[in-house]
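Enquirer: When you get a sec, could you give me coordinates for this:
(4 chains)
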2 protein chains.
Amino acid sequence: MPAKDGAVVRRTQAERSSATSSRLLATAEEMFGRDGYAATSLAAVAAAAGMTKGAAYHHFPGKAGLFREVFVRRLRRAATALERVAAHAPDSWSALREGCRTFLECCTDPGFRQIVLLDGPAVLGWDAVREIEYEHLLRVLRDGMRVAAAEGWIAGGDLDVRSQLVFGALCEAGMMLARSPDPEGAFPAVAGEAERLLGALVRG
Amino acid sequence: MPAKDGAVVRRTQAERSSATSSRLLATAEEMFGRDGYAATSLAAVAAAAGMTKGAAYHHFPGKAGLFREVFVRRLRRAATALERVAAHAPDSWSALREGCRTFLECCTDPGFRQIVLLDGPAVLGWDAVREIEYEHLLRVLRDGMRVAAAEGWIAGGDLDVRSQLVFGALCEAGMMLARSPDPEGAFPAVAGEAERLLGALVRG
DNA sequence: ACAGTTACATACCCTCGGTATGAAAGCGAG
DNA sequence: CTCGCTTTCATACCGAGGGTATGTAACTGT
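Expert: Next up is the predicted model:
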């Protein structure tokens, strides 16, 4: 039976389910990112999304499970932005540089820092965090390095290890320019030093 | 009045206070490092130290305050080990290298990783963490870089920023060789790639 | 010796994560 | 259409744990 234009809109189960899941995810992303994981209660998230804890526990395995979904979502968005930038780069070396710069721009967002860099490791554990990050960001970085190495831009070596070390330095750089009283003004200096690190590291 | 050898040993307030503080700190360091901050209740720490929550709240401002003391303590120990190694190095460049290697060895300890690298940022916030780390580790690293730069070992630039980026890479390296199924065996590879990063970064 | 301070223990409150139960809204079969 | 069945929530409740208020015993200066 199609929708009636009465007071109650009749919808299918799948529509209801995905709608509430999306609202919950969006609200959780906003609150976790603003107040931090510990200071955000699940009931408050559900209430802000217009429902109760019961709905949240029906769609997600728990508070940490909801946080994990939010974490993955943020990484996925960062990865797509990063890949789009890298795809438009003229060569593999610029793709690497531009990708790193894009990651730093992601760190400009307070929610990204709070969820991905601060709370993520403590809530999900280091192994789970790096597994997810590998799936979305680290793999891209490593593959970019491999291409650049194959084309002679950078020196060989254990690129799995090296890409991860560079990733750690980038996270640190992202947090640095976030703490700065003038993030916009500090961006060029930090990004420059990060690119200098990248350049010094990889040039053979 | 000096101590009586009766059933109850008579002690001064300062002795009692420092003794209970030390026991509490040592127990908290052990339990926070083993189980993580969230999974460790303050009452459990106090009980394991032979007292109740009341004593803990008398000596420390709360759970996070106790954790902060534990955090500082671990950093202090790492810093002294690091400075001792650097002091015995033949030149400023080796001091830098040996210092970084010593930091990686600190990351071998599971408690250090859990407290300093995983829970620290989420519990204390990034600003507080980096302030403490600057006081103990980052300042040492930056000063070592300055000396090495003055002696011509490494290139100039914003050493405040660069030392922090290197620190981030070192933390990542420390977590990497911790996740490895064979940390002892992986140590040379990761440490080698880290030193390679250091060398490539700073040689000018 | 005796107030006053310090160093705890005990009892209590409140928030919050998680679970169990119940009800209402789709959904499929006859 | 209708009548079980599943899905999708809401409500009520439990227990753990951080924090606080209060009482009490141990020290301390005068």
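
Enquirer: What are the structural domain limits within chain A?
Expert: Listed by automatic domain parsing, the domain ranges of chain A are A:11-60, A:64-202.

Enquirer: distance between the first one and the chain's centre?
Expert: Between the mean C-alpha point of domain A:11-60 and the mean C-alpha point of its chain there is a distance of 19 Å (CA atoms, centre = their mean, to the nearest Å).

Enquirer: same question, stretch A:135-151
Expert: Distance of stretch A:135-151 from the chain centroid (CA atoms, centre = their mean) equals 18 Å.

Enquirer: ok, which residues in chain A are in contact with DNA strand D?
Expert: Counting by CB under 7 Å from any atom of the strand, the residues of chain A close to DNA strand D are A:13-14, A:16-17, A:20, A:46, A:50-55, A:58-59. Bear in mind the C-beta positions are built from the backbone N, C-alpha and C, glycine included.

Enquirer: Below-threshold pLDDT in chain A: ranges please.
Expert: A:1-10, A:202-204 (pLDDT under 70).

Enquirer: and the residues of chain A next to DNA strand D, which are buried?
Expert: Using 16 or more other CB atoms under 10 Å in any protein chain shown as the burial test, the residues of chain A next to DNA strand D include A:20, A:46, A:51, A:55, A:59 as buried.

Enquirer: Just give the nearest non-adjacent residue to the second one, would you?
Expert: Distance criterion CB to CB, 6 or more residues apart in numbering or on different chains; nearest residue to A:A46, sequence neighbours excluded, is A:A56 at 4.8 Å.

Enquirer: what kind of secondary structure is the one you found in?
Expert: Classification of A:A56 using DSSP: H, G, I helix; E, B strand; the rest coil returns helix.

Enquirer: surely it meets A:S41?
Expert: No: contact criterion CB atoms under 8 Å: A:A56 and A:S41 do not qualify, at 10.8 Å.

Enquirer: more crowded one of those two?
Expert: It is A:A56, of A:A56 and A:S41, that has more neighbours when counted by other CB atoms under 10 Å in any protein chain shown, with 23 against 13.

Enquirer: just the helices in chain A please.
Expert: In chain A, the helices defined using DSSP state H lie at A:13-35, A:42-48, A:53-59, A:63-87, A:92-106, A:110-112, A:120-124, A:126-133, A:139-150, A:159-179, A:183-202.

Enquirer: is chain B contacted by the last one?
Expert: Yes: contact between helix A:183-202 and chain B is present through A:189-190, A:193-194, A:196-197, A:200-202 (criterion: CB under 8 Å from any CB of the partner chain).

Enquirer: I'd like to know which of the domains of chain A lies nearest to B:P110.
Expert: domain A:64-202 (11.1 Å; CB to CB).

Enquirer: For that closest one, what is the distance to the chain centroid?
Expert: 9 Å.

Enquirer: can you tell me if that domain touches DNA strand C.
Expert: Yes: applying CB under 7 Å from any atom of the strand, one finds domain A:64-202 in contact with DNA strand C at A:A64.

Enquirer: can you pull the contacts of the residue nearest the centre of chain A?
Expert: Among the residues of chain A, the one closest to the centroid is A:L75, at 2.7 Å (CA atoms, centre = their mean). By CB atoms under 8 Å, 6 or more residues apart in numbering or on different chains, the residues touching A:L75 are A:116, A:132-133, A:135-137.

Enquirer: top of these by neighbour count?
Expert: Using other CB under 10 Å as the neighbour criterion, A:V116 leads the contacts of A:L75 with 25 neighbours.

Enquirer: does that residue really touch A:R73, like I thought?
Expert: No: using CB under 8 Å, A:V116 makes no contact with A:R73, being 10.5 Å away.

Enquirer: on that earlier part again, winner for burial among the domains of chain A?
Expert: Mean neighbour count (mean count of other CB atoms under 10 Å in any protein chain shown) peaks for domain A:64-202 among those, with a mean of 19.

Enquirer: who are the neighbours in contact with A:V85?
Expert: So A:V85 contacts A:95, A:98-99, A:101-102 (CB under 8 Å, 6+ apart).

Enquirer: can you tell me how far it sits from chain B?
Expert: For A:V85, the distance to chain B equals 21 Å [CB to the nearest CB, to the nearest Å].

Enquirer: quick check, nearest of the contacts of A:V85 to chain B?
Expert: Of all the contacts of A:V85, A:R101 has the smallest distance to chain B: 14.3 Å, by CB to the nearest CB.
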